[in-house]
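J.: Just to be clear, the model below is a prediction. Sequence and coordinates:
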Amino acid sequence: MASPQLSPEPFSRQLRLLLVEDDPISCRLLQARLAGDFAEILVAENGVAGLELFLKERPDLVVTDYLMPVMNGISMVEEFRSRNIQVPVILVTASMDTDLLVKAIDLGISSFLHKPVAAKNLARSIALVTGLIEHAHLQRKTVEQELALLHFKEKYHESQQEQAFRKELNILENDLYLRDWQGPQGSQWVAQALYMPHDIMCGDSYSLRRLPDGGLLIYLGDAMGKGLASSLTSMLAVYLFNLKVDALPPGHVLHFSTFLEQYTRLIQKRLLDDEIFSFSLFHLDAQSPVLEAATFGMPPILLKDGQGMVASLSCNNPPLSTYQEALRCDRYPLDGIRQLLLYSDGLNEAFLQDDSMYRDHLDSDFAASPCADQLWKKFRAVVETPEDDLTLLFLSRVDLPALREESRSIPSRLRAVEAACEDLEALLDGWGAPDDALRNGFIMALREATLNAYEHGSLAINEQEKRRLLEGSDYMEWLAQRESALDSTIAIHLCQGESEGHPWLRARVRDPGQGFRPRKPNPGGSEFASLNGRGLRLMEKYSDTLYFNEQGNEVSFIKFLPKDSLCS
């Protein structure tokens, strides 16, 4: 007769739990509910005692009340984090104050329990957190086991995850990708997006959408936790956002508060009872210089004016949950504002080598950065490896006042193109661009833009046809025959100026062609990583900002020079 199978012991019984609660009755009630679930339950009556006991015993999990004498639960967790202790924490609180919830999320609280604590909610939170601990434990144990089988499984899962990641990227939308936006009062904006998932299944998502009334609507999401669950929440949220924008009829005038109400109710229906979701919605009106914003448990928005002064707009809603009813939407004037920085907490909460956080450097680095690339370089100079998903949306005005400018209109002839490039190179030399390497790179980008306008705009040759002709060695003969039948011109505009002490050069090249339609960006890193064609790659490499007009037959690019290196 076969012996009966014994159920495996729950993983939580291998763990030690620290319970920090000042109320004796609540403490005994929680102990009773958790009895038998853990190897040991340590008890402390306030934050100071809890910190001392934790440092002495090093338990695997902490359940703490918020309001306690001597030291509250949040202050105790701050002490943990200041010592780089990443122990999972469940916070028990009767308060749903916005500042408290935002601070708790910033500290990496794993789960929340609302007082009075219901038994099923306690069990769910304990199961969630112990599951995360067990997952990490199993990962460590299996590193050296069954290597051959693991290798096969990893290859299979990597393939599945990569397909899932491509699907994630296909859901993201950026209507300003390599395009400008005509804002109020003649302002001209561009948006640079940096999307850096820490893992294939990413909890961050974003979308920048043009509206039928000419305005701009931006979504930025950061789902709580990591892995598949957070990725599903984030992707569902951005998908619903894009679906609502796509459904807006032609000419529709957006009422931001109405859109916000409808969208958040859609999301709430799909959140779990104990789940919270951090995201932001921003509306830039096409007629008036106003930013409408509703942020839910997200980092501050940073704004910079023409003098390089940075202002911070704090979060105005707690993270979204199923029970949340009141929604707050604020309006901020954008008069004089030239740059906006929107980002997920993977940026400001990144750890430096001295265990401080990048938030201490963010404002000053943003103030000193005229473009997204320079801010990113400052970030990577102090953060070796980001430890979380990171999304950065850098919006800039590009209607910069010029100190000097020159225009040329040249016939669509190869010799005219070459002569114009030599003429403009001499012009830049006369303007005295101070750094030879930067100036020469800008000149190379200008040459490529002008050649692209000639080949692809005026002559309408595509990449496949050009490759075929080059392989056959009759490309130059073909150009001569094709251009002889044309009566068109290429317009070139060159200007130089200064913004916040940074000298800059800008080129604008317009051709008579049908225009260029950029494809969606490839996974990870800069959006420009997917640009095809030598000319576009060089323009991106030697410029800080690159964008086309709506038709796609005019390209503009800007290069910022080192601060205080003024042209003579």
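T.: Sure thing, it's come through. Residues are numbered from 1 along each chain as shown.

J.: For residue 65, give me its contacts.
T.: 20, 21, 22, 23, 26, 73, 92, 93 (CB atoms under 8 Å, 6 or more residues apart in numbering). Quick note: C-beta positions are derived from backbone N, CA and C, even for glycine.

J.: What subset of those is buried?
T.: Among those, those classed as buried by 16 or more other CB atoms under 10 Å are 20, 21, 22, 26, 73, 92, 93.

J.: between those residues, which is nearest residue 333?
T.: Comparing the buried ones among the contacts of residue 65 against residue 333 with CB to CB places residue 93 closest, at 35.8 Å.

J.: Which positions are bridged to that closest one in the beta structure?
T.: residue 114 (DSSP bridges).

J.: Next one, pLDDT for it please.
T.: At residue 93, the predicted lDDT confidence score is 87.

J.: sorry, back to before: quick one: which of the contacts of residue 65 is nearest to residue 61?
T.: Set against residue 61, the nearest of the contacts of residue 65 by CB to CB is residue 20 (11.5 Å).

J.: Can you verify my assumption that that closest one contacts residue 42?
T.: No - using CB atoms under 8 Å, residue 20 is not in contact with residue 42; the gap is 9.1 Å.

J.: backbone phi and psi for residue 174, please?
T.: As for residue 174, its main-chain torsions (degrees, to the nearest 10) stand at phi -140, psi 100.

J.: separation between it and residue 242?
T.: Counting by CB to CB, to the nearest Å, the separation of residue 174 from residue 242 is 11 Å.

J.: what does residue 272 give?
T.: 23 Å.

J.: Compare the two and say which is more crowded by neighbours.
T.: Relative neighbour count places residue 242 above the other of residue 272 and residue 242, with 16 against 11, counting by other CB atoms under 10 Å.

J.: Please settle this for me: is that one part of a helix?
T.: Yes - secondary structure assignment places residue 242 in a helix (DSSP: H, G, I helix; E, B strand; the rest coil).

J.: Let me see the contact set for it.
T.: Neighbour list for residue 242: 171, 173, 207, 209 [criterion: CB under 8 Å, 6+ apart].

J.: Swap in 10 Å and give it another go.
T.: Neighbour list for residue 242: 171, 172, 173, 207, 209, 219 [criterion: CB atoms under 10 Å, 6 or more residues apart in numbering].

J.: show me the contacts for the last one.
T.: Right, residue 219. If you count contacts by CB under 10 Å, 6+ apart, then residue 219 has 172-173, 205-209, 237-238, 240-242, 244-245, 263, 279-282, 342, 393 around it.

J.: try 6 Å
T.: 207, 241, 281 (CB atoms under 6 Å, 6 or more residues apart in numbering).

J.: That one: which element?
T.: In this structure, residue 219 sits in strand 216-223 according to DSSP states H and E.

J.: Can you tell me the strand partners of that strand and which way each runs?
T.: Strand pairing for strand 216-223, determined by DSSP bridges: strand 204-210 (antiparallel), strand 277-284 (antiparallel).

J.: now for those, which one comes closest to residue 420?
T.: Using CB to CB, the strands paired with strand 216-223 put strand 204-210 closest to residue 420, at 33.8 Å.

J.: That closest one: how far from the chain's middle?
T.: On the basis of CA atoms, centre = their mean, to the nearest Å, strand 204-210 is displaced by 9 Å from the centre of the chain it belongs to.

J.: now do stretch 27-37
T.: Centre to centre, stretch against its chain (CA atoms, centre = their mean), the figure for stretch 27-37 is 42 Å.

J.: Then stretch 252-260?
T.: 24 Å.

J.: so after the strand or helix carrying residue 465, what's the next helix or strand?
T.: With elements delineated by DSSP H and E, residue 465 resides in helix 463-471, which encompasses its position. As assigned by DSSP H and E, the chain's next helix or strand after helix 463-471 is helix 475-484.

J.: residues in contact with that next one?
T.: Residues lying outside helix 475-484 but in contact with it, judged by CB under 6 Å, 6+ apart, are 413, 414, 459, 469.

J.: List buried residues within those residues.
T.: 413, 459, 469.

J.: Using CSV, please lay out these together with pLDDT and distance to residue 538.
T.: Supplementary listing: these in CSV, determined by pLDDT from 0 to 100; distance: CB to CB, whole Å:
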residue, pLDDT, distance to residue 538
413, 89, 22
459, 84, 19
469, 73, 21
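
J.: list the buried ones in the helix or strand harbouring residue 304?
T.: With the criterion set as DSSP H and E, the secondary-structure element containing residue 304 is strand 301-305. Of the residues in strand 301-305, those buried by neighbour count under the rule 16+ other CB under 10 Å are 301, 302, 303, 304.

J.: Please apply the same query to stretch 107-120.
T.: By neighbour count, with 16+ other CB under 10 Å as the criterion, the buried positions of stretch 107-120 are 108, 109, 110, 111, 112, 113, 114, 117.

J.: Out of the residues you listed, which is nearest to residue 561?
T.: Closest to residue 561 out of those is residue 108 (40.7 Å), distances taken as CB to CB.

J.: one step back: among the contacts of helix 475-484, which lie within helices?
T.: The members of the contacts of helix 475-484 that map onto helices under DSSP state H are 414, 469.

J.: one step back: let's see the strand holding residue 219 as PDB, backbone CA atoms only.
T.: C-alpha atoms of strand 216-223 as PDB (Å, rounded to 0.1, in the frame of the first residue of the first chain):
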ATOM      1  CA  LEU A 216      -0.700  67.500 -27.000                       C
ATOM      2  CA  LEU A 217      -1.600  64.800 -24.500                       C
ATOM      3  CA  ILE A 218       1.100  62.900 -22.600                       C
ATOM      4  CA  TYR A 219       0.800  59.800 -20.500                       C
ATOM      5  CA  LEU A 220       3.600  58.400 -18.300                       C
ATOM      6  CA  GLY A 221       3.100  55.300 -16.200                       C
ATOM      7  CA  ASP A 222       5.100  53.400 -13.600                       C
ATOM      8  CA  ALA A 223       3.500  50.200 -12.200                       C
END
